[in-house]
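In: sequence and predicted structure, then a few things I'm wondering about:
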Amino acid sequence: MPKLSLPSPLGPLVVVETAGALTRIDWGEGEPIAATPLLREAKRQLEAYFARRLTRFELPLAPSGTAFQHLVWRLMAKIPYGATRSYGELAATLGTAPRAVDGACRANPIPIVVPCHRVLAAGGRLGGYSGFDKLDSKRFLLALEGAPPVTA
């Protein structure tokens, strides 16, 4: 499984490819294995995103998850750069409960590219996040995108 490490303002990231598609972004360092053209492109796009030169990722994605998780991830991917939605809003769109959407967000294997950081708890509260510094990482990504300030 090819993977490539890269620095980011949030700490090191590892992008992972399987069968020609991005399947994971892990928080932390890892040994690069077969840096493919796709992984180099993912690195280029992530660097452009962090430099505020990219607002939409154009990468083939193949996250591993359930059919429901895939529905939530596709819905999250439609949230515009700099915008936010609540777990409840996404749940209403899917006809399910906010907790189910929260569970799918927590299981997102491709953070940043599949923008789970754009999903907030009720009342504009941050909710949770998987990044290095948890909510500080989520705040950083939202601020990077110019999203309206959120509460703790």
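Out: Yep, that arrived. In this text the structure is predicted, and so the values were computed from the model without any measurement.
In: most remote residue from the middle of the protein, which is it?
Out: In terms of distance from the mean C-alpha position of the chain, residue 34 ranks first, at 23.2 Å (Cα atoms, centre = their mean).
In: give me the below-cutoff pLDDT ranges for the chain.
Out: In the predicted model of the chain, residues 32, 151-152 satisfy pLDDT under 70.
In: what about the helices in it?
Out: Along the chain, the segments classed as helices by DSSP state H run 37-50, 67-77, 87-94, 98-106, 135-144.
In: ok, back up a step: what is the neighbour count of the closest residue to the residue farthest from the centre of the chain other than its chain neighbours?
Out: Closest residue to residue 34 in three dimensions, ignoring its sequence neighbours and counting by Cβ to Cβ, 6 or more residues apart in numbering: residue 2, at 4.0 Å. Placement of C-beta: from N, CA and C, glycine included. The number of residues packed around residue 2, counting by other Cβ atoms under 10 Å, is 16.
In: again, but for the one 3 residues further on
Out: For residue 5, the tally of surrounding residues (other Cβ under 10 Å) stands at 18.
In: tell me which residues touch it, please.
Out: Residues in contact with residue 5, defined by Cβ atoms under 8 Å, 6 or more residues apart in numbering, are 12, 13, 14, 29, 30, 31, 32.
In: ok, what's across the strand from it?
Out: Applying DSSP bridges to residue 5 yields these beta-bridge partners: residue 14.
In: quick check: the residue farthest from the centre of the chain touching residue 40?
Out: No - in this structure, residue 34 sits apart from residue 40 without contact. The criterion is Cβ atoms under 8 Å, and the distance is 11.0 Å.
In: ok so, going back, next, find the distance separating the residue farthest from the centre of the chain from residue 104.
Out: Plainly put, residue 34 is 30 Å away from residue 104 if you go by Cβ to Cβ, to the nearest Å.
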